[in-house]
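Novice: below is the sequence, then the predicted model.
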Amino acid sequence: MGDYTTQELLSIFAMQGFAGFSLFSVLLLMALGLAIIFGQMGVINMAHGEFMAVGAYTTYLMSAMSEKYFPGFIQYYFVFAIIASFFIAGFLGYLAELALIRHLYKRPLDTLLATWGLSLIMQQSFRSIFGAREVSPTLPDWLLGSYQPTETIDIPLNGMFVLALTLVVTVGVFILMYRSSWGLRVRATTQNRVMSGAVGINTKKIDRLTFALGCGIAGIAGAAFTTIASTGPTTGSLYIVDTFMVVVFGGAGSLFGTIFSAFSIAQAQSILEFFISGSMAKVFTLLTIVIFLMLRPEGLFASKVRK
Amino acid sequence: MVMNFMYERILGGKNGAIGIAILAVLIIIILPLALDLFRLNLVGKYLTYAFAAVSLVLLWGYGGILSLGQGVFFGLGGYCMAMFLKIEASDPVTTSIQSTPGIPDFMDWNQLTELPWFWVPFNSFSFTILAVLLVPTIFAFIIGFSMFKRRVGGVYFAIITQIIAVILTVLIVGQQGYTGGINGITDLKTIHGWDIRDDSSKYILYFINAFLLFGVIFLSRYILTSKFGRLLLAMKDKEDRVRFSGYDVSNFKIFVFCLSAMISAIGGAMFTLQVGFMSPSFVGIVPSIEMVIYAAVGGRMSLIGVVYGTLLVNFGKTIFSETFPELWLYLMGALFIGVVMFFPNGLAGIWQKHGTKLVACVKKMQCVSHVKAMIETRRAGSKPAARLNAENVSGE
């Protein structure tokens, strides 16, 4: 890195750091959903990435439809697309829980196989419906362009929007899980299902809604994802391992840990990517995390839950 | 005494011996006679996956440890073998048009001028055989030691092995000059001048592969019927009780993980020999999970069942991807879900539930009374069914 001046180096750090923020946003949104499903409920949802793709395709459909039928709406559709992504992915998650997951709570390793099967079916459906080519929605004008604080730093607006969206969703999840009576019931159910049932909580309903919520958040991640990259049938599967890593690294069941680990993984990968090749940056990040997890299996911030 | 030992411990008693015999007749006699060489070579390729499936019976079926990284060991074994073959295939005469003759072609394309140090020992065939067996085992030992000693298990183990599969794939693809990148190591030709692409060599390799597979099944059966096998099963069901009885659970887990790695690696090496190349697409997440589905379809507790499972899934894959490529993923997905939801013991479970009854009934020629009994059972409810099942179990 000897060829760069200090000024340039700082700008590189700022811009790569910001590119890291976009990755961070998507990873965190994915991981929030998975932290609820995997961290709280113990279900290994390998189809989580596909629920993200559902959100991304929903956004694409909304964009294509408003472009065709309501051209005036194109500036505003994105906000509605986020909401629609949440509900459609959440509804599909609800159905998946109803048909599949609820039979497998006692066999966590088997949920892995079953949801992998689900992800294959979903991927092929995407391919049949939307084609094998990658698609991307038309972004409204207010998401394009960039913000230039100095001459060498150039920060894209869509990244800032996604970051803001992530913050809103994270705060929302925090309030829902830790400050509402519904969240209390969710946490009670995941810690001790039998006892929660005994004190009058409808645990089956809680399970179903919790799973749907996790998938819905993955849907929002998908909507956010469309602003930074295009969507193909296998997009979701590219992110699933990274997402699991974020959750495990942060410590399952710890919201703060999830945020912190998403941040450090995204930043490490993004900044390293500039100096060494992308694949080596990934190997380096993953390897560090595996070694860390071997030394401290419970993750960065382990919640003190009796298992 | 010896005969008895062979019969009970290695063949697995009467039922096990019959099962092995049927499978042996199928693989060693029927398939080579019935199929042309191209198809037989395909079967040989599928049977190399069966090594990984058998290793998962030990590890997952009996040990309760789900590894999503069997592809890693399969791939390491395959790559070790491929490195030897590649060095022999790129002698200075055939590679004389390269800017550095005598090194593999992909290294030349990536401006390497000499063989990297970790390639050099693969000049020797005996070192290669040792490496096929030991490199994956040592790798598994490192992973297993650091995880099981800290009592990491279950879901976390599955995810970490999966991450390792990703790391290795990305590494192989990224380090093109050393590994051949995404294309893998191709154009493999000879072992000490013996051409592995000949028709006769293909037959020979098929039979070597089949015999090795049976050897591995016998070894696994021997291990599973020993005290170790019973401890493994006990660990899967009540790990804490085994630990409180004074056993060091982690050592057993490390051993079975290393053994399963070695078995998968043998499969990988045979794969390279029969197919003639090795690439990262046999290392990553997808092949690793597919190996798990072979074991799940065949029956995760049955050493013979998983071989049928592997053959069936792969035949299905070949037939469907030739004729209806779009339907295949739906079918594969449905297979994953169906096996987990409805047939947790796979083909072997179905056979044990219905097949053995059928055999018994044909043998005694009491089909009529059996059908009557079944109808009665349906009418009367659950009690006679329990009686029937009890009979069935005691009969085994």
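Specialist: Thanks, I have the structure now. Numbering: from 1, shown residues only, chains lettered A, B, ... in the order given.
Novice: hmm, stretch B:104-113 in reach of chain A?
Specialist: No - counting by CB under 8 Å from any CB of the partner chain, chain A is not contacted by stretch B:104-113; separation bottoms out at 13.0 Å. Any C-beta I mention is one placed from the backbone N, CA and C, and that applies to glycine too.
Novice: chain center to that stretch, what's the gap?
Specialist: 33 Å (CA atoms, centre = their mean, to the nearest Å).
Novice: mean confidence for it?
Specialist: Regarding stretch B:104-113, the rounded mean pLDDT is 85.
Novice: list the buried ones in that stretch?
Specialist: Neighbour counts over stretch B:104-113 (16 or more other CB atoms under 10 Å in any protein chain shown) mark B:Pro104, B:Asp105, B:Phe106, B:Met107, B:Asp108, B:Leu112 as buried.
Novice: from B:Phe277, how far off is the first one?
Specialist: Going from B:Pro104 to B:Phe277 by CB to CB, to the nearest Å gives 12 Å.
Novice: list the residues that contact both of those two?
Specialist: Common contacts of B:Pro104 and B:Phe277 (CB atoms under 8 Å, 6 or more residues apart in numbering or on different chains): B:Ile185.
Novice: show me where the stretch 201-307 of chain A has its helices.
Specialist: Using DSSP state H, counting those that start in this stretch, the helices of the stretch 201-307 of chain A run over A:203-225, A:235-250, A:255-275, A:278-295.
Novice: indicate which one of the ones you listed is closest to chain B.
Specialist: Each of the helices of the stretch 201-307 of chain A has some distance to chain B by CB to the nearest CB; the shortest is helix A:278-295, at 3.2 Å.
Novice: what angle separates the closest one from helix A:255-275?
Specialist: 140 degrees (axes from the mean of the first three to the mean of the last three CA atoms, to 10 degrees).
Novice: and the helix or strand hosting B:Arg230, what's buried?
Specialist: Here B:Arg230, judged by DSSP states H and E, is contained in helix B:227-237. Buried positions in helix B:227-237, judged by neighbour count with 16+ other CB under 10 Å: B:Gly229, B:Leu231, B:Leu232, B:Leu233, B:Ala234, B:Met235.
Novice: ok, now stretch A:270-288?
Specialist: Across stretch A:270-288, burial judged by 16+ other CB under 10 Å covers A:Ser270, A:Ile271, A:Leu272, A:Glu273, A:Ser279, A:Met280, A:Ala281, A:Lys282, A:Val283, A:Phe284, A:Thr285, A:Leu286.
Novice: start to end distance for that stretch?
Specialist: Terminal residues of stretch A:270-288 lie 15 Å apart, using CA to CA, to the nearest Å.
Novice: residues contacting it, please?
Specialist: Under the criterion CB under 8 Å, 6+ apart, residues A:1, A:12-13, A:16-17, A:19-20, A:23, A:245, A:265, A:268-269, B:163, B:166-167, B:170-171, B:173-174 lie in contact with stretch A:270-288.
Novice: so where do the strands sit in the chain?
Specialist: If you meant another chain, say so; for now it's chain A. Taking DSSP state E as the test, the strands found in chain A are A:146-147, A:155-156.
Novice: my question was about chain B, not that one.
Specialist: B:190-191, B:194-195.
Novice: picking up where we left off before, which of the buried residues of helix B:227-237 lies closest to chain A?
Specialist: B:Met235 (14.9 Å).
Novice: distance-wise, check B:Ile289 relative to A:Ile271.
Specialist: 32 Å.
Novice: show me what contacts A:Gln148?
Specialist: Residues near A:Gln148 by CB under 8 Å, 6+ apart: A:Asp154, A:Ile155.
Novice: try it again with 7 Å
Specialist: Applying CB atoms under 7 Å, 6 or more residues apart in numbering or on different chains to A:Gln148 gives the contacts A:Asp154.
Novice: could you do B:Gly78 as well?
Specialist: Contacts of B:Gly78 (CB under 7 Å, 6+ apart): B:Gly268, B:Ala269, B:Phe271, B:Thr272, B:Met278, B:Phe282.
Novice: swap in B:Leu133?
Specialist: Going by CB under 7 Å, 6+ apart, B:Leu133 touches B:Met262, B:Ala265.
Novice: leaving out the residues flanking it, which one is nearest to A:Phe301?
Specialist: Counting by CB to CB, 6 or more residues apart in numbering or on different chains, the nearest residue to A:Phe301 once its immediate chain neighbours are dropped is A:Gly257, at 3.4 Å.
Novice: retrieve the pLDDT associated with the one you found.
Specialist: Value listed for A:Gly257 in the pLDDT field: 86.
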